[in-house]
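K.L.:
Quick one, fold the following:
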Amino acid sequence: MKCVRVVLIGFAIGVGAWVPQGLTQADPPADVRPWSGVLPDPDQADHEESRWLSVRVLDQRTRTPIVGARWVRTPEWIAPHRLHHDVVMEVARTGPDGIAFMPTRSRAWKHDCHWLVLAEGYAPSYEYATRPEPEVLLERGVVVSGRVLDPFGRGVSGALVEYLGGCSHGTAAARAVADDGGRFTLGPVPSSLPGQLWVAGRRIAADLLALDRPASAGRDCVQLAMDLGLAYRGTVVDPLERPLAGVVVRAWNEQRGPTAMTDANGRFALDSVEPGAGIVVFGPGALLDEVPCDVDDTFPATPTRIVLSGLGVMEREATGRVRFRARMADGAPATGVSFRLVGEKTGRGPSGMTAERDEPDGSKAGEAVEEAVPGSYRVEPDDPFSPVTFDPISVVVRAGAEVVAEARMRAQPRLAIRGAIPASADLQLTVPGASTSAVVGEDAWPEHLPAACEAALRVVPKGRPAFFFSVGVVRDGIRTATVSLPPPRRIRLPGDAQDVELLDGQREAFGYRDGAFFATDAVGRLTLRWQDKTRRGYEAPVELPDTVGGVVQIDTALVRSLPEDDGDSDEGERSTRTGPCALRLRIFEAGEPADALVLVGGKIHTAPAGMLDLRGFDPGRVRVVVAPRDRAEGGLELYLVLKPDRRVTRDLELSGE
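P.N.:
Residues are numbered from 1 along each chain as shown. Just a heads-up that it's a prediction; the model follows:
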């Protein structure tokens with residue numbers, strides 16, 4: 001048997017992969033060649049003991065290699081005390097063939113991972129798996145622009161908007177920061193709009209939003225109307241009153257956060273906390289690395305002090321009692337009044353509500369008793385939407401004693417809403433530090449609110465964006481919100497149109513069916529799609545003006561029929577070879593058939609027994625790259641000339657002997 005001798009190329013590492021501290025890798029080769037000696041294994045997901053993992057990154061449209069793409073691996077499970085839940089384990093870059101590879105480090109991590117592929121000018125690719133796919137196709141994608149609004153309807157300056165292909169704690173594939181008006185531009189992202197957005201900022205609750213869910217207002221613009229977020233401020237010290245730096249403080253809106261870390265003076269500032277979420281602290285010491293310390297008696301916008309030992313948050317024993325007695329102006333008991341005790345030094349304390357009736361244990365209607373740590377407190381109202389309120393009261397709690405705090409109630413202003421609100425619209429009333437929501441016709445709606453603070457009413461009709469209306473000052477015991485919704489633009493529909501949708505690219509735009517029209521608040525050039533009574537699909541471009549209201553006609557000359565989906569479309573069919581040439585490779589290593597991978601004609605093939613037969617090539621020069629499986633050295637590269645109606649046969653020896 002005659003073996004063809006070729007130049008061997010064998011590199012242990014050819015992509016400059018990032019290596020976690022404490023792990024080692026072979027030195028990169030001095031002579032970096034175009035091909036690194038590794039090919040992605042189509043079956044690598046089935047080889048648990050593989051020492052190397054590879055990927056080939058191609059342009060989805062042209063099937064050409066993408067050079068310089070970053071291949072990122074992050075773990076699924078991350079210690080909860082980490083400031084950010086997106087630790088990167090390894091990064092590799094693709095070479096001229098679009099191939100990147102990295103050691104599996106199976107002894108360090110054998111669990112599920114997030115696999116990202118990031119390339120300039122392309123939408124990112126995301127996969128959740130223990131082992132990655134051997135080939136990734138990247139598309140150019142689409143850019144997402146929009147505006148982040150707080151519950152008062154104001155743009156959130158500096159809001160963070162991140163794109164996540166999958167889990168909330170994965171590494172962000174794209175990131176944007178909103179300008180002074182809350183506007184942002186993000187991307188590109190995949191045109192099918194998979195994944196989700198993580199949005200965080202001042203005065204809003206950090207949240208995850210499905211990327212395809214926010215409707216478009218036209219011109220590629222989405223509105224992110226966020227719920228109220230709370231801010232916590234405080235200091236963390238040890239039992240010797242020394243400031244603790246590096247303590248992670250987080251809220252569990254989502255697994256991603258929000259999070260903060262104490263500075264050198266032990267101070268922290270945690271924004272974007274969802275009301276009711278509470279906060280958790282993680283100390284830097286070894287005893288606390290896996291032990292969350294819940295702090296559930298803090299209050300937003302009130303500086304708090306937390307004493308953290310090696311065993312957790314230190315709590316002094318509550319040996320005193322506060323009897324809160326609420327009375328109406330005429331002296332009658334005030335029942336159902338919410339209150340809180342805020343420590344003057346700690347910013348912490350219990351909260352409660354006055355009893356509805358006299359109880360057998362001696363509790364009286366309009367009273368509540370709370371145990372508290374000795375010290376000075378302010379007794380404050382805890383429900384801004386209650387019919388009554390009271391002025392804060394200062395009390396001093398002493399060990400073994402009970403102190404009485406008696407408050408006289410005064411009525412809060414009533415809320416009056418003028419104007420028409422559509423049935424099933426979502427309503428949200430917001431004041432500083434609190435908000436309440438309801439659905440028109442389904443939920444009870446609060447009738448009262450504070451007298452002397454900013455307030456806004458958010459109205460979200462079905463199929464329309466959020467509209468914001470300020471609540472006026474008190475007049476005759478009433479604060480009024482005047483609702484005046486602008487008329488939508490209306491697109492006249494064909495007589496038999498059904499299943500109508502308005503699209504901005506792949507994203508649904510605001511809109512709803514209104515008899516013979518499709519009503520929308522979107523502007524710009526969009527696409528209207530519908531089906532006739534035979535279920536045949538059509539689409540047409542529509543130009544929606546900036547002016548509100550009015551009727552838009554469909555240009556019948558621009559209507560086109562949509563192709564029927566036969567369900568058999570296959571991207572791979574484009575690469576089917578139909579040429580007259582054939583190729584046979586017999587691959588050996590030390591004289592024995594080799595388990596090999598072969599790159600030829602733009603595709604990677606497996607040759608588990610050292611034999612590979614291919615046909616359908618066009619005549620001419622073809623590049624062939626051969627590599628052993630699960631090894632980063634010993635590969636070879638050659639060029640063969642193929643002739644019409646002939647099969648070229650070559651015997652290849654990988655050992656170089």
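K.L.:
can you list the weak-confidence ranges in the stretch 501-650 of the chain?
P.N.:
The model of the stretch 501-650 of the chain has pLDDT under 70 over residues 565-578, 630, 632-633.
K.L.:
Let me know whether L415 touches L429 as I believe.
P.N.:
Yes: the criterion here is CB atoms under 8 Å, and L415 meets it with L429 at 7.1 Å. Every residue, glycine included, has its C-beta placed from N, CA and C.
K.L.:
what residues are shared contacts of those two?
P.N.:
Listed contacts common to L415 and L429 are 446, 449, 471; contacts here mean CB atoms under 8 Å, 6 or more residues apart in numbering.
K.L.:
Can you lay out those as JSON lines showing neighbour count?
P.N.:
Converted to JSON lines, these look like this (neighbours: other CB atoms under 10 Å):
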{"residue": "P446", "neighbour count": "18"}
{"residue": "L449", "neighbour count": "24"}
{"residue": "V471", "neighbour count": "22"}
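K.L.:
in terms of contact, does Y639 touch V625 like I think?
P.N.:
No: taking contacts as CB under 8 Å, Y639 lies outside contact range of V625: 10.2 Å.
K.L.:
Could you check which of the two has the larger neighbour count?
P.N.:
Shown here are Y639 and V625; by other CB atoms under 10 Å, V625 has more neighbours (21 against 9).
K.L.:
element containing the more buried one, please.
P.N.:
Under the criterion of DSSP states H and E, V625 resides in strand 620-628.
K.L.:
Contacts made by that strand with the rest, please.
P.N.:
With CB under 8 Å, 6+ apart, strand 620-628 has contacts from 35, 37-39, 97, 583, 585, 587, 589, 594-601, 634-642, 652, 654.
K.L.:
how about stretch 495-505: buried residues?
P.N.:
Residues 497, 500, 502-504 are the ones in stretch 495-505 that count as buried (16 or more other CB atoms under 10 Å).
K.L.:
swap that for stretch 92-110, sorry
P.N.:
In stretch 92-110, counting by 16+ other CB under 10 Å, buried: 92-95, 97-105, 109.
K.L.:
From T74, how far out is P486?
P.N.:
Counting by CB to CB, to the nearest Å, the gap from P486 to T74 is 45 Å.
K.L.:
Pick out whichever of those two has more residues nearby.
P.N.:
Counted by other CB under 10 Å, P486 and T74 do not tie: T74 has more neighbours, with 20 against 10.
K.L.:
ok, now which ones touch that one?
P.N.:
T74 neighbours (CB under 8 Å, 6+ apart): 86-89, 113-114, 116, 170-171.
K.L.:
any idea which helix or strand comes after the helix or strand where it lies?
P.N.:
Using DSSP H and E, the element containing T74 is strand 70-75. Later in the chain than strand 70-75, the nearest helix or strand by DSSP H and E is strand 90-93.
K.L.:
can you give me the helices in the protein?
P.N.:
Using DSSP state H, no helices are found in the chain.
K.L.:
quick one: low-confidence parts of it?
P.N.:
Judged by pLDDT under 70, the chain has its weakly predicted residues at 1-36, 45-50, 80, 105-108, 284-292, 361, 565-578, 630, 632-633, 656-657.
K.L.:
Could you rerun that using 50?
P.N.:
With pLDDT under 50 as the threshold, the chain has low-confidence stretches at 1-33, 566-575.
K.L.:
so V248 touches V281, yeah?
P.N.:
Yes: contact between V248 and V281 holds when scored by CB under 8 Å: they sit 7.0 Å apart.
K.L.:
what is in contact with those two at once?
P.N.:
In contact with both V248 and V281: no residue, using CB under 8 Å, 6+ apart.
K.L.:
pretty sure T319 is touching P374, no?
P.N.:
Yes: T319 lies in contact with P374 (CB under 8 Å); the separation is 6.4 Å.
K.L.:
wait, isn't L612 in contact with I587?
P.N.:
Yes: in this structure L612 lies within contact range of I587 using CB under 8 Å: 7.3 Å.
K.L.:
Out of these two, name the residue with the larger neighbour count.
P.N.:
Of the pair L612 and I587, I587 is the one with more neighbours under other CB under 10 Å, namely 24 against 21.
K.L.:
how close does that one sit to A607?
P.N.:
On the measure of CB to CB, I587 and A607 end up 6 Å apart.
K.L.:
ranges for the strands of the stretch 1-150 of the chain?
P.N.:
8-9, 52-59, 70-75, 90-93, 99-103, 113-118, 125-129, 135-138, 142-149 (DSSP state E, counting those that start in this stretch).
K.L.:
Buried deepest among the ones you listed, which one?
P.N.:
strand 99-103 (a mean of 26; mean count of other CB atoms under 10 Å).
K.L.:
list the buried ones in stretch 607-623?
P.N.:
Buried-residue list, stretch 607-623, by 16+ other CB under 10 Å: 607, 610, 612, 614, 617, 622.
K.L.:
Quick one: end-to-end distance for it.
P.N.:
17 Å (CA to CA, to the nearest Å).
K.L.:
One more: stretch 74-85?
P.N.:
This stretch, stretch 74-85, spans 10 Å end to end (CA to CA).
K.L.:
What of stretch 78-90?
P.N.:
15 Å.
K.L.:
try stretch 463-482
P.N.:
21 Å.
K.L.:
contact partners of that stretch?
P.N.:
Contacts of stretch 463-482 (CB under 8 Å, 6+ apart): 149, 152-153, 215, 217, 223, 225, 411, 413-419, 429, 449, 451-452, 454-461, 483-486, 488, 510-512, 519, 521.
K.L.:
what about 7 Å?
P.N.:
149, 152-153, 217, 223, 225, 413-419, 449, 451, 455-460, 483, 485, 488, 510-512, 521 (CB atoms under 7 Å, 6 or more residues apart in numbering).
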